[in-house]
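Trainee: Following is a predicted model, sequence given first.
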Amino acid sequence: MKTQTKLKIILVGTVLSTLHKVGQVQATPGVQALGSKYNDCEDMINLVDCTDCYSMSRANNGGIQRFPFSDEQLVDTAVDFELVTCAFVGECPDGVLRNSCNWRRYFGYSCFTQTSLQNTPLASLETNAIMQLILAGGLTGYTVGTNSLPNHCYYSDHNAPKGSEATFNFYSMTGVFNPNVLWNDVYLTNSFGGEAEIDYIYMNVNDQTDIDNLLCDHTWAKSTTLPSASLYTQSYSQYTYPAGVRTIVLDDWEPNANSFPLLRMPDSNAIVGVALNGVFFFAGSSHYGYDAFFPKAYGARVKPQKVDVDVCLGNVDTYSTYRYHMFSPCIYDIALRTQAMDCKNHEICSVDVRNHSQAYIPQQLRTLDPVGIAKDGRIIYGPYRKDGNLWQPCDVDMCNGHKFSRLNYGYVATMFHPYIVGCWGPGARPVKMYASCSTNGRYCTSGSYLFSSLIVVIVAVLFSFFN
């Protein structure tokens, strides 16, 4: 029976490799998607604009490497924040109107595997059950800490992002780094060995209602929806000075004006990931219930409303928290970062945020390039494919994800809704259907992807039957 099952999987895999040519991307020499190994996580550290990054593994004898603002290895002697200054942003993070504003930006990013966390900023997490599972399993883990304050200017004439030039609090998220395609299902991971092609779907939909309920909901990314295999945990955190002790409230985000006065998000439901500069990526649909940029009336929602953003395509509409709903060019080190201006007052941004988003990307970065990490631990790549062209609707699934190799899956930024991450993938690939809340949704006309999805279901049925 095992031989028969293996034969069926190989045969179906051959068919799938042919069908997938619709969404294949031609490789450019030297450009590759990141994997799930510890070295890949360290490569990610080299890309992020962090203020407090750590590398922890047996490779450095159980010690830690800390960068970029200090060579010090001890928590209480290193500089772990960046003081950002910008003129004419409107309201400052401390709530005061000034001609010039300062704020402490914190963005920590760490990789860890098979090592003790003692004498590191993560020491207080060492007894956490999830952290122990990651370490005991020989997995690569990541932890992100951020207050989501930008490393660039912002503009807000009301409801400024909450912050201070004297101190900071931050949100923390920890999990498995860049898990493979089948990681959400350990049974399948053990079953589908060898080199047979597989097209596993984690998030499926049956009809238009399913699509709308998922992609038009700005809180779809609740931590409870994450696959348990992602080993995700979250916390409120802060450092106390001068001792440099990290204070943590684990698991649930519960606003506490006394302990964490600078954190206003009651939960992480709207967060789908974190950009390379530490700013949160929110869902592509806003709290209004529509596409954040190209809203469309549907059902009982008859008053479509878009969000107001600055020239970095960020806003602070809710939770006193700065965020992006789509790819921001200010993730990169460009001149636009120094401009504190409303999008509607900018000659390009006011016409079309999609053109504005692309216009400032350096030419050498118009290829496959990481721009952030999703809440499920997978990498988020920028709006360009390896061949230098923008991602197209049939290149991605409904989650805005793409399969880069047999077991390597990640999300990509697109110029169409849901823009960053639409669900935890791999997802289904609906044909000639898109979210009703958007005039700019993913619309793929290729029947090949639908056929491919049907084949996957057949594979699952056959595998169950012959075992």
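Mentor: Structure's in. What do you need?
Trainee: and the end-to-end length of stretch 428-443?
Mentor: Terminal residues of stretch 428-443 lie 13 Å apart, using CA to CA, to the nearest Å.
Trainee: Could you check how far that stretch is from the centre of its chain?
Mentor: On the basis of CA atoms, centre = their mean, to the nearest Å, stretch 428-443 sits 21 Å off its chain's mean C-alpha point.
Trainee: which parts of that stretch are buried?
Mentor: Using 16 or more other CB atoms under 10 Å as the test for burial, stretch 428-443 gives 428-431, 433-438, 440-443. Just so you know, the C-beta spots here come from the backbone N, C-alpha and C atoms, and that holds for glycine as well.
Trainee: between those, which is nearest C50?
Mentor: Within the buried residues of stretch 428-443, the smallest distance to C50 is 31.5 Å, found for R442 (CB to CB).
Trainee: show me what contacts that closest one?
Mentor: Going by CB atoms under 8 Å, 6 or more residues apart in numbering, R442 touches P393, V396, M398, N400, T414, F416, H417, P418, G422, Y434, A435.
Trainee: among those residues, which one has the lowest pLDDT?
Mentor: Lowest pLDDT among the contacts of R442: Y434, with 94.
Trainee: Name the SS class of Y109, please.
Mentor: Here Y109 is strand, with the state taken from DSSP: H, G, I helix; E, B strand; the rest coil.
Trainee: That one bridge partners, please.
Mentor: The partner list for Y109 in beta bridges (DSSP bridges) reads C53, V144.
Trainee: in the stretch 351-467 of the chain, which ranges drop under the pLDDT threshold?
Mentor: Residue ranges of the stretch 351-467 of the chain with pLDDT under 70: 447-467.
Trainee: didn't Q339 look like it was pressed against V311?
Mentor: Yes - if you go by CB atoms under 8 Å, Q339 and V311 touch, sitting 5.4 Å apart.
Trainee: the more surrounded of these two?
Mentor: For the pair Q339 and V311, the greater number of neighbours falls to V311 (28 against 17), based on other CB atoms under 10 Å.
Trainee: Contacts only, for the more buried one.
Mentor: Contacts for V311 (CB under 8 Å, 6+ apart) come out as Y155, C330, L336, Q339, M341, D342, C343, H346, C349, H356.
Trainee: now swap in P150 and tell me
Mentor: V84, R105, P161, N277, G278, V279, C312, G314, Y322, C330.
Trainee: Pull the number of nearby residues for the second one.
Mentor: Spelled out, that is R105. 24.
Trainee: residue contacts, it?
Mentor: R105 neighbours (CB under 8 Å, 6+ apart): T51, F81, E82, L83, V84, N147, L149, P150, N151, G163, F168, G278.
Trainee: ok, it to A359 distance?
Mentor: As judged by CB to CB, to the nearest Å, R105 and A359 stand 25 Å apart.
Trainee: Same check on the third one?
Mentor: For P161, the distance to A359 equals 25 Å [CB to CB].
Trainee: One more: N39?
Mentor: 34 Å.
Trainee: ok so, going back, from the contacts of P150, which single one is nearest W183?
Mentor: Nearest to W183 among the contacts of P150: G278, at 25.4 Å, using CB to CB.
Trainee: and the next element down the chain from the helix or strand of the chain with the lowest mean pLDDT?
Mentor: Here the helix or strand of the chain ranked lowest by mean pLDDT, DSSP states H and E is helix 2-19, holding a mean of 25. Where DSSP states H and E defines the elements, the next helix or strand beyond helix 2-19 is helix 38-45.
Trainee: can you give me the helices for this protein?
Mentor: 2-19, 38-45, 129-136, 186-191, 208-215, 353-359, 447-465 (DSSP state H).
Trainee: picking that back up, and the contacts of R442 as CSV, adding distance to K306?
Mentor: Shown next, in CSV, are the contacts of R442 (distance: CB to CB, whole Å):
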residue, distance to K306
P393, 21
V396, 23
M398, 22
N400, 19
T414, 17
F416, 15
H417, 12
P418, 15
G422, 18
Y434, 17
A435, 14
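Trainee: Next up, the contacts around the nearest residue to I420 once chain neighbours are set aside.
Mentor: Among residues not flanking I420 along the chain, F281 sits closest, at 4.8 Å (CB to CB, 6 or more residues apart in numbering). Residues in contact with F281 (CB under 8 Å, 6+ apart) are 271-275, 323-325, 372, 374, 380, 420-421.
Trainee: mind redoing it with 7 Å?
Mentor: V272, G273, V274, A275, Y324, G372, I420 (CB atoms under 7 Å, 6 or more residues apart in numbering).
Trainee: Name the nearest of these relative to F260.
Mentor: Nearest to F260 among these, with distances taken as CB to CB, is V274, at 18.3 Å.
Trainee: can you list the weak-confidence ranges in the stretch 201-350 of the chain?
Mentor: For the stretch 201-350 of the chain (pLDDT under 70), the answer is 240-246, 248-252.
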